[in-house]
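> dropping a prediction and its sequence here:
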Amino acid sequence: MDTLFVIINIIVLLALIGLLIWMQRKHFSFTKRVFTGLGAGIVLGAALQWAYGAGSDILLKTTDWYSIVGSGYVRFLMMIVIPLVLVSIIQSIINLEKTAELGKMASWIIGILISTTMIAALVGIGTATVFDLSAEEIEAGQAENDQGAMLETKLTEEVESQTAAQKIVNFIPSNIFLDMTGERSTSVIAVVIFSIIVGIAVLGVRRKNPEQAEMFTKIINSLYAVVMRIVTLILRLTPYGILALMANTVASTDFAGIVELGKFVIASYVALITMFIIHLLLVGLFGLSPWMYLRKAISVLGFAFTSRSSAGTIPLNIQAQQHSLGVDQGIANMSASFGATMGQNGCAGVYPAMLAVMIAPTIGIDPLSPAFIVQLVLIIGISSFGIAGVGGGATFAALIVLSSMNMPVALAGLLISIEAFIDMGRTALNVNGSMVTGTITARILKKLNLKTYQDKTAIQESTQL
């Protein structure tokens, strides 16, 4: 009987996929198809949990089959991330007129990413204070205690075993082929560094051996064309991937845990939304329409929300920045790549700051003292380098910040029941931060195509795949 219900659930998913295919053939816009998939996924996931109950065998088997579409789509995106970053950054650099432009681009991108993360930390501090959050209010069950113990072990093995200087050295690739497998949390940054070196080397070769440089440039341009075609093919699957991902997420969500920790959940989303508004205000501050930005970024943010993967969102991020927002190709590539591993406003900014404010009173520290706030914000800014752009990155960021502040880290384990739900919002904010960074950097360096930015149809033209 269980097998029959699972088969029925699979048929329902296939029927919804059929609806999305029909919408594509009827030339519905990409954004409409993405949000249809998102909405249908929410309804389907809620219906599954209501019908079978959280943790039931039927639900577990159903979500396992659904993951073929959802997790399979994320894997396809992760597959193309490294080739895309490698080839696109090399191509961007060899097309620069002056190497000095590279330094300006990198400086502005990194500076904005870290600055906004520090602002996000202040938002987290303020929100935790307004909601009067305290670590003592959270009750721990067996699962939470086990998670807390695991984090204590992880802290000793992965965080305290390395100094700040060693963490910076880890950005530098010692085996580029290892980093191309995405083995390390800093693999994307390592590939970016390698790509920059290759690009600069080509510029040097061009001055001495222009024929060889020209041949290499043709090869890179050909590879870029092929990689971008692969990206286009994969992005066609976005509505279907979001449908399955959202269905699985909602079906597996511990709503009882969310209700129990409702105060922290609400406070977290208030902080995330506040920081999102600050992003839009920054866009407006530079003379750009926040509404137009939001209209063109929303489909990318929708995927980031459901997938909980900043790294997996890189291809969509680059595509939207370059073709919808009018951001220069090099800036789009660099901001999307850097933004997936540093300066993550949600995971490395808001979340660790809130936890630190919640823990401080329990160990006799005034969380509103200027010395505490300055120290916390600076540590968050520095530690936001190298945070993995996949699910779990926020926990790692919290471990680094809390240990640097000499605070217990077990609180992060007590929030295990709501981790996935909050992480969805954090990831969307992370990706939005990288997109805003690319847009502002392009505006500052006068490399933003205002005609494309202001074109209401640019989002449709770039995503009608």
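Right, received. Where do you want to start? Since we're looking at a predicted model, the values are computed, not measured.

> tell me how many other residues crowd L272.
Under the neighbour criterion other Cβ atoms under 10 Å, L272 is assigned a count of 26. Placement of C-beta: from N, CA and C, glycine included.

> what's the answer for I68, then?
I68 has 12 nearby residues by other Cβ under 10 Å.

> in contact with it, which residues?
By Cβ atoms under 8 Å, 6 or more residues apart in numbering, the contact list for I68 reads A244.

> for the remainder of this discussion, apply numbering that starts at 563.
Taking 563 as the first residue, the last one we looked at is I630.

> how about it, phi and psi?
Main-chain dihedrals, I630, degrees, to the nearest 10: phi -60, psi -40.

> the one 4 residues further on too?
With angles defined as degrees, to the nearest 10, G634 shows backbone torsions of phi -60, psi -40.

> tell me how far it lies from S899.
Distance, G634 to S899, using Cβ to Cβ, to the nearest Å: 23 Å.

> out of the two, which sits in the more crowded spot?
Taking other Cβ under 10 Å, G634 and S899 do not tie; S899 has more neighbours (28 against 14).

> now do the helix or strand harbouring the more buried one, average pLDDT.
Using DSSP states H and E, the element containing S899 is helix 891-901. Throughout helix 891-901, pLDDT has a mean value of 87.

> export that helix to PDB, keeping only CA atoms.
Once non-C-alpha atoms are left out, helix 891-901 reads as follows in PDB (Å, rounded to 0.1, in the frame of the first residue of the first chain):
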ATOM      1  CA  GLN A 891      31.000  40.600 -17.600                       C
ATOM      2  CA  GLY A 892      34.200  40.600 -15.500                       C
ATOM      3  CA  ILE A 893      32.500  42.300 -12.500                       C
ATOM      4  CA  ALA A 894      29.500  39.900 -12.700                       C
ATOM      5  CA  ASN A 895      31.800  36.900 -12.700                       C
ATOM      6  CA  MET A 896      34.000  38.200  -9.900                       C
ATOM      7  CA  SER A 897      31.200  39.400  -7.600                       C
ATOM      8  CA  ALA A 898      29.200  36.200  -8.000                       C
ATOM      9  CA  SER A 899      32.300  34.000  -7.300                       C
ATOM     10  CA  PHE A 900      33.600  36.100  -4.400                       C
ATOM     11  CA  GLY A 901      30.100  36.500  -2.900                       C
END
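
> heading C-terminal from that helix, find the next helix or strand.
Moving toward the C-terminus from helix 891-901, the next helix or strand (DSSP H and E) is helix 913-921.

> neighbouring contacts of stretch 792-803?
579, 582, 585-586, 592, 595-596, 598-599, 631-632, 634-636, 638-639, 642, 645-646, 861, 865, 869, 877-878, 881, 1025, 1027.

> just the buried members of the residues you listed?
Buried residues within these, defined by neighbour count using 16 or more other Cβ atoms under 10 Å: 579, 582, 585-586, 592, 595-596, 598-599, 631-632, 635-636, 638-639, 642, 645-646, 861, 865, 869, 877-878, 881, 1025.

> among the residues you listed, which are located in helices?
Secondary structure from DSSP state H places 579, 582, 585-586, 592, 595-596, 598-599, 631-632, 635-636, 638-639, 642, 645-646, 861, 865, 869, 877-878, 881, 1025 of the buried ones among the contacts of stretch 792-803 in helices.

> tell me how far the strand or helix carrying I687 lies from the chain's centre.
Using DSSP H and E, I687 sits within helix 662-692. The chain centre lies 15 Å from the centre of helix 662-692; the measure is Cα atoms, centre = their mean, to the nearest Å.

> could you give the angle of it to helix 913-921?
Taking axes from the mean of the first three to the mean of the last three Cα atoms, to 10 degrees, one finds that helix 662-692 is oriented at 30 degrees with respect to helix 913-921.

> G607 contacts A809, correct?
Yes: with contact defined as Cβ atoms under 8 Å, G607 reaches A809; the gap is 4.3 Å.

> who has more neighbours, the two?
Ranked by neighbour count (other Cβ under 10 Å), G607 and A809 place A809 first, with 30 against 24.

> shouldn't the more buried one be in contact with I572?
No: using Cβ under 8 Å, A809 is not in contact with I572, being 11.3 Å away.

> what do the two both touch?
Taking Cβ under 8 Å, 6+ apart as the contact rule, A809 and I572 both touch Y628.

> tell me, how many residues neighbour S633?
Neighbour count of S633, defined by other Cβ under 10 Å: 17.

> what do you get for the one 4 residues further on?
By the other Cβ under 10 Å criterion, the neighbourhood of R637 contains 11 residues.

> name the residues of stretch 938-949 that come out as buried.
For stretch 938-949, burial by neighbour count (16+ other Cβ under 10 Å) applies to 938-939, 941-949.

> tell me the contacts of A959?
By Cβ under 8 Å, 6+ apart, the contact list for A959 reads 906, 909-910, 913-914, 945-946, 949.

> that one in helix, strand or coil?
helix (DSSP: H, G, I helix; E, B strand; the rest coil).

> nearest spatial neighbour of it, skipping sequence neighbours?
Of all residues not flanking A959 in the chain, A910 sits nearest, at 4.3 Å (Cβ to Cβ, 6 or more residues apart in numbering).

> which stretches of the stretch 763-912 of the chain have low pLDDT?
Judged by pLDDT under 70, the stretch 763-912 of the chain has its weakly predicted residues at 816, 818-822.

> swap in the stretch 913-1027 of the chain?
Low-confidence segments of the stretch 913-1027 of the chain (pLDDT under 70): 948-955, 971-979, 1021-1027.

> try it again with 80
Across the stretch 913-1027 of the chain, residues meeting the criterion (pLDDT under 80) sit at 945-962, 965-966, 969-982, 1018-1027.

> before we move on, what about the stretch 613-762 of the chain?
Along the stretch 613-762 of the chain, the parts satisfying pLDDT under 80 run over 616-617, 657-664, 696-733, 744-751.

> mind redoing it with 50?
The model of the stretch 613-762 of the chain has pLDDT under 50 over residues 703-706, 710, 717-718.

> hang on, G601 in a helix?
Yes: checked against three-state DSSP, G601 lies within a helix.

> and it, what pLDDT?
G601 carries a pLDDT value of 90.

> that one: neighbouring residues, count only.
By other Cβ under 10 Å, neighbour count at G601 equals 13.

> that one and Y831, how far apart?
Separation of G601 from Y831 (Cβ to Cβ): 19 Å.

> repeat for A898
Per Cβ to Cβ, A898 is found 25 Å from Y831.

> and the two? which has more neighbours close in?
Higher neighbour count among A898 and Y831: A898, with 34 against 17, using other Cβ under 10 Å.

> in contact with the residue lying closest to the more buried one once chain neighbours are set aside, which residues are there?
Spatial nearest neighbour of A898, excluding adjacent residues (Cβ to Cβ, 6+ apart): N879 at 4.0 Å. Contacts of N879 were listed using Cβ under 8 Å, 6+ apart, and they are 862, 894, 898, 901, 993, 996-997.

> no further queries at this time; thank you.
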